[in-house]
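Enquirer: Requesting a structural model of the entry that follows:
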Amino acid sequence: MRYVAAIDQGTTSSRCILFDRSGQVAGLAQREHDQLFPKPGWVEHDPETLWRNTEFVLGAALDEAEVRAADIAAVGVTNQRETTVVWERDTGRPIHNAIVWQDTRTDRLCTELAGDQGADRYADRTGLPLSTYFSGPKVRWILDTVPGARQRAEAGELCFGTVDSWVLWKLTGRHITDVTNASRTLLMDLRSLQWDREICAEIGVPTAMLPEIRSSSEVYAEITSGPLTGIPVAGILGDQQAATFGQACLSPGEAKNTYGTGNFMLLNTGTTPVFSEHGLLTTVCYRLGEQPPVYALEGSIAVTGALVQWFRDNLGIIDAAPEIEDLARTVDDNGGAYIVPAFSGLFAPRWRPDARGVIAGLTRFVTKAHLARAILESTAFQTREVMDAMRADAEANELNLEAVALKVDGGMVANDLLMQFQADILDLPVVRPLVNETTALGAAYAAGLAVGYWSGTDDIRANWTAETTWNPAMPAAERESRLHDWNKAVERTYNWAD
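Expert: Predicted structure coming up:
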């Protein structure tokens, strides 16, 4: 068998990518889906559309590569992680739109659940703060809102899943998730890798609706219909963990940063969970079969690439996302303007659900080109904040994070202006790999390892190759001045939402 297929069901699109043994792309198909905004702060997807698009790209990728199902050794799945779907066990029909990870409707619920113990009520068991980001409160909201849903869930008539579970259900009829996605629900104990019944009861999620938790790399089931009928699904990784795996960050102290709808930096911490004192999340990085799980610290930034989409779709200043670089290059700097995209509050390391977006430092000198540059720079500034937190946690836990460079991937790393500014603000080289499709590649690796297509993780390390490196060139005094002004702008986002 010549290839492994990866399904990448992301925040903005569904994709299928075929990879060969060297980790090179052999075929690709993609289809975008609509972002639904019923109210300010609410973000939804239609689960049936996610599935239809996924089913379409499976066949389209085979056609594009001119291969047959018989050429595919296994299928891996990677997905937008905390996005929440609830569906009927008998019919497979969703009872509500999927509530997307960016959605903030559970803010008051999270405050109520925190009570006197605060947002870290469950952090010692789950590695996560009580936040609108995670799935558990989203499930509770659906059960409280859809008539009859709670009674049906308690009777075992409803299934909950993050999008990996939804896709796997449609592919195979099995109700399964993996440890990486389960670790993003606020419902799983990080050490036992099982659902925490006490937390489930307190948040209000019946365990009867939860999927079975499995490793990230094993044969789960064969696909029962469609263009890949009979092919085993053998890997599941949440998208950021998949990118970490695809970037070959397989040893403690290795880190990557993915630039997508949001930004996500993960640091491999080895087989012992490390709990952050600086606003980072503790999460499962991956688990291969029966081997011990590997953990990570994560810095999650809600809005980076989504800010470019806002510039394009809401303001109409550009027609296509890549145009922002050309526009930004027409000026030398941001003209004194800073954009803090706290559309869904601020995630790591500040965790301020009360924050909302601001444009600070405006004068009549500022043009749309300066705003374009400020949008790109905001991504780099937010990444620097996460890196600072990660370094502090690593030092406190005696982890070696003396990184010589930061591995980067995702759609925005094609923007050379952003990558140079990122290196300047981090004062660290930034390295883009030859194969940029690291999220899908990580899912393919997990599936391929499970069926022997790749012999072990040494094959993954051997496949990783650098393509471009950006070295820092900004004077230290300028860097510190920019960071000072950025911090002033961020502080002006606080206390906006009640």
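
Enquirer: Flag every buried residue along stretch 326-338.
Expert: 327-328, 331, 334-335, 337-338 (16 or more other Cβ atoms under 10 Å). (Each C-beta comes from the backbone N, C-alpha and C, glycine too.)

Enquirer: Confirm for me that His175 is in contact with Arg214.
Expert: No - the criterion here is Cβ atoms under 8 Å, and His175 misses it with Arg214 at 10.8 Å.

Enquirer: I figured Thr261 hits Thr12, correct?
Expert: Yes - between Thr261 and Thr12 there is a contact under Cβ under 8 Å: 6.2 Å.

Enquirer: how much space is there between Thr49 and Val435?
Expert: 29 Å (Cβ to Cβ, to the nearest Å).

Enquirer: Those two: which is more packed in?
Expert: Relative neighbour count places Val435 above the other of Thr49 and Val435, with 20 against 16, counting by other Cβ atoms under 10 Å.

Enquirer: any idea what the more buried one is structurally, helix, strand or coil?
Expert: Secondary structure assignment for Val435 (DSSP: H, G, I helix; E, B strand; the rest coil): coil.

Enquirer: Report pLDDT for Ser344.
Expert: On pLDDT, Ser344 comes in at 82.

Enquirer: In contact with it, which residues are there?
Expert: 41, 43, 102-104, 132, 302-303 (Cβ atoms under 8 Å, 6 or more residues apart in numbering).

Enquirer: circling back to that earlier point, common neighbours of Thr261 and Thr12, please.
Expert: Common neighbours of Thr261 and Thr12 (Cβ under 8 Å, 6+ apart) are Gln309.

Enquirer: mean confidence score for stretch 478-489?
Expert: Stretch 478-489 comes out at a mean pLDDT of 97.

Enquirer: hey, C-alpha coordinates of that stretch in PDB?
Expert: In PDB, the C-alpha atoms belonging to stretch 478-489 read as follows (Å, rounded to 0.1, in the frame of the first residue of the first chain):
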ATOM      1  CA  GLU A 478      13.300  48.700  19.600                       C
ATOM      2  CA  ARG A 479      12.000  45.300  20.600                       C
ATOM      3  CA  GLU A 480      11.500  46.300  24.200                       C
ATOM      4  CA  SER A 481       9.700  49.500  23.200                       C
ATOM      5  CA  ARG A 482       7.300  47.600  20.900                       C
ATOM      6  CA  LEU A 483       6.500  45.100  23.600                       C
ATOM      7  CA  HIS A 484       5.900  47.900  26.100                       C
ATOM      8  CA  ASP A 485       3.400  49.600  23.800                       C
ATOM      9  CA  TRP A 486       1.700  46.300  23.000                       C
ATOM     10  CA  ASN A 487       1.200  45.600  26.700                       C
ATOM     11  CA  LYS A 488      -0.400  49.000  27.200                       C
ATOM     12  CA  ALA A 489      -2.800  48.200  24.400                       C
END
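
Enquirer: one step back: quick one: which of Thr261 and Thr12 has more around it?
Expert: Neighbours per residue (other Cβ under 10 Å) separate Thr261 from Thr12, with Thr261 holding more: 27 against 17.

Enquirer: does the more buried one count as helix, strand or coil?
Expert: Following three-state DSSP, the label given to Thr261 is coil.

Enquirer: Please work out how many residues are found near Val490.
Expert: 22.

Enquirer: Who are the contact partners of it?
Expert: Here Val490 is in contact with 340, 346, 350, 355 (criterion: Cβ under 8 Å, 6+ apart).

Enquirer: Name the member of these with the most neighbours.
Expert: Of the contacts of Val490, with other Cβ under 10 Å as the count, Leu346 tops at 26 neighbours.

Enquirer: my guess is it meets Thr493, correct?
Expert: Yes - using Cβ under 8 Å, Leu346 is in contact with Thr493, at 6.8 Å.

Enquirer: shared neighbours of these two, which are they?
Expert: 352, 355.

Enquirer: what are the phi and psi values for the residue nearest to Leu288 when sequence neighbours are not counted?
Expert: Of all residues not flanking Leu288 in the chain, Ser217 sits nearest, at 4.5 Å (Cβ to Cβ, 6 or more residues apart in numbering). With angles defined as degrees, to the nearest 10, Ser217 sits at phi -140, psi 90.

Enquirer: Bridging across strands, which residues link to Ser217?
Expert: Beta-bridge pairing of Ser217, defined through DSSP bridges, involves Gly235, Leu288.

Enquirer: Please tell me how far it sits from Glu48.
Expert: 29 Å.

Enquirer: neighbour-wise, which of those two wins?
Expert: Neighbours were counted for Ser217 and for Glu48 using other Cβ under 10 Å; Ser217 has more, 26 against 16.

Enquirer: mind listing what the more buried one touches?
Expert: Counted by Cβ under 8 Å, 6+ apart, Ser217 has contacts 234-235, 286-289, 446-447, 449-450.

Enquirer: Roughly how far does it sit from Gly10?
Expert: Ser217 is 21 Å from Gly10, by Cβ to Cβ.

Enquirer: Ala321 now?
Expert: Ala321 is 15 Å from Gly10, by Cβ to Cβ.

Enquirer: what about the two, which has more around it?
Expert: Per other Cβ under 10 Å, whichever of Ala321 and Gly10 has more neighbours is Gly10, with 22 against 17.

Enquirer: Let me see the contact set for that one.
Expert: Here Gly10 is in contact with 79-80, 239, 260-261, 439 (Cβ under 8 Å, 6+ apart).

Enquirer: cool, and Val139?
Expert: Contacts of Val139 (Cβ under 8 Å, 6+ apart): 84, 86, 160, 203, 205, 209.

Enquirer: let's see 10 Å
Expert: With contacts defined as Cβ atoms under 10 Å, 6 or more residues apart in numbering, Val139 is in contact with 84-86, 99, 106, 149, 153, 158, 160-161, 185-187, 200, 203-206, 209-210.

Enquirer: for this protein, what's the longest helix?
Expert: The longest helix of the chain (DSSP state H) is helix 368-396.

Enquirer: Restrict the next helix or strand after it to CA atoms and write it as PDB.
Expert: Remark: after helix 368-396, the chain's next helix or strand is strand 406-409, criterion DSSP states H and E. C-alpha atoms of strand 406-409 as PDB (Å, rounded to 0.1, in the frame of the first residue of the first chain):
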ATOM      1  CA  LEU A 406      11.000  27.800  17.100                       C
ATOM      2  CA  LYS A 407       9.400  25.300  14.600                       C
ATOM      3  CA  VAL A 408       6.400  26.900  12.900                       C
ATOM      4  CA  ASP A 409       3.500  25.700  10.700                       C
END
